[in-house]
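Student: Provided below are the primary sequence and the corresponding predicted coordinates.
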Amino acid sequence: RFAGMPLERLAMVLNSSQVSGQGQLSQAAKIVFADGAMAPFRTVGRASLVAWFLQYSVMGCVFQVCDRALSRLLGVRCIPYGEELMRRPDERRSAPSG
């Protein structure tokens, strides 16, 4: 996540009203790296780490809830999670899903 920060900042600036006309990519790069090559990484702090953790925790929870609800509704097996991924496919079929 930390390694992709410059690309995320670049995408965020490109999708904003801070750039316009021709050469938007170079305009965005100048804005992102205006304070040096390490500038995009300075935005990573405790608050952003907590936000990322909560974002992906909530996304994972919502995905699993939707997967289980739709699987039950459609009468199909849920996507394997956790330790179930380490079992052989024939063992997965016999194990209760849940």
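Tutor: Thanks, I have it. If you're wondering where the values come from, they're calculated on a predicted model, not measured in any experiment.
Student: By mean pLDDT, which helix or strand of this structure comes out lowest?
Tutor: Ranked by mean pLDDT, DSSP states H and E, the weakest helix or strand in the chain is helix 89-94, scoring a mean of 64.
Student: and whichever helix or strand residue 71 is part of, how far from the chain's centre?
Tutor: Using DSSP states H and E, residue 71 maps to helix 46-74. Per C-alpha atoms, centre = their mean, to the nearest Å, the displacement of helix 46-74 from the mean C-alpha position of its chain is 11 Å.
Student: now do stretch 38-47
Tutor: For stretch 38-47 - counting by C-alpha atoms, centre = their mean - the centre lies 17 Å from the chain centre.
Student: Would you mark the buried spots in that stretch?
Tutor: Across stretch 38-47, burial judged by 16 or more other C-beta atoms under 10 Å covers residue 40. All C-beta spots, glycine's among them, are computed from the backbone N, C-alpha and C.
Student: what residues does that stretch touch?
Tutor: 2, 5, 6, 8, 9, 10, 32, 33, 35 (C-beta atoms under 8 Å, 6 or more residues apart in numbering).
Student: What ranges in the chain fall below the confidence cut-off?
Tutor: Low-confidence segments of the chain, defined by pLDDT under 70, span residues 1-2, 91-98.
Student: Grab the most central residue of it for me.
Tutor: The C-alpha lying nearest the average C-alpha coordinate of the chain belongs to residue 56 (C-alpha atoms, centre = their mean; 6.3 Å).
Student: picking that back up, now for the contacts of stretch 38-47: which two are most distant?
Tutor: The distance between the two most remote of the contacts of stretch 38-47 (C-beta to C-beta) is 17.7 Å, for 2 and 35.
Student: measure residue 27 to residue 19 for me?
Tutor: Here residue 27 is placed at a distance of 4 Å from residue 19 (C-beta to C-beta, to the nearest Å).
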